[in-house]
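Colleague: with the input below, show me the fold.
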Amino acid sequence: MSYKIEYFHERVLAEVESWPVDILADYARLTELLVDHGPNLRMPHSKALGEGLIELRPRGKAGIGRSFYCFLLGKRIVVVHAFIKKTQQTPEHDLKLARKHVKELKNG
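Modeller: Below is the predicted model of the structure:
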């Protein structure tokens with residue numbers, strides 16, 4: 001049984017859908033791998049950030065996208081935050097927001 005991808009809020013899905021077409025195409029490819037491999041998907045496609053938060057790492061000529069997700073019971077993957085990366089390091093406010101959303105999901 002494969003995993004199922006959900007979005008924390010419709011704004012997260014809207015953000016992903018607004019990405020440049022080449023980054024969006026890589027995101028679609030990586031989500032297919034994620035659905036098939038679940039928590040076994042690793043670098044360079046996916047990277048664990050601790051506290052149950054994991055990042056998916058799509059890229060294209062237009063830049064680099066990041067989507068943060070977590071696993072829930074029932075083979076559910078919830079994408080909690082997404083953005084286009086503009087700096088070398090992931091902005092702290094994006095990490096804090098993603099961690100907050102994961103806590104909300106796991107604590108009810």
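
Colleague: for the closest residue to residue 39 other than its chain neighbours, list each beta-bridge partner.
Modeller: Counting by C-beta to C-beta, 6 or more residues apart in numbering, residue 39 lies nearest to residue 71, which is 6.2 Å off, once chain neighbours are set aside. Every residue, glycine included, has its C-beta placed from N, CA and C. Residue 71 forms beta bridges with residue 77, as assigned by DSSP bridges.

Colleague: contacting residues for residue 71?
Modeller: Contacts for residue 71 (C-beta atoms under 8 Å, 6 or more residues apart in numbering) come out as 3, 38-39, 52, 54, 77-78.

Colleague: what's the spacing between it and residue 45?
Modeller: 15 Å (C-beta to C-beta, to the nearest Å).

Colleague: next: residue 72.
Modeller: Residue 72 is 20 Å from residue 45, by C-beta to C-beta.

Colleague: could you do residue 76 as well?
Modeller: According to C-beta to C-beta, residue 76 and residue 45 sit 19 Å apart.

Colleague: in the helix or strand where residue 102 lies, what counts as buried?
Modeller: Using DSSP states H and E, residue 102 sits in helix 92-107. Within helix 92-107, the residues scored as buried using 16 or more other C-beta atoms under 10 Å are 94-95, 98-99, 101-102, 105.

Colleague: of the residues you listed, which one scores lowest on pLDDT?
Modeller: Lowest pLDDT among the buried residues of helix 92-107: residue 105, with 94.

Colleague: next one: it from residue 38, what distance?
Modeller: Distance from residue 105 to residue 38, by C-beta to C-beta: 17 Å.

Colleague: same thing with residue 93?
Modeller: From residue 93 over to residue 38 (counting by C-beta to C-beta), the distance is 28 Å.
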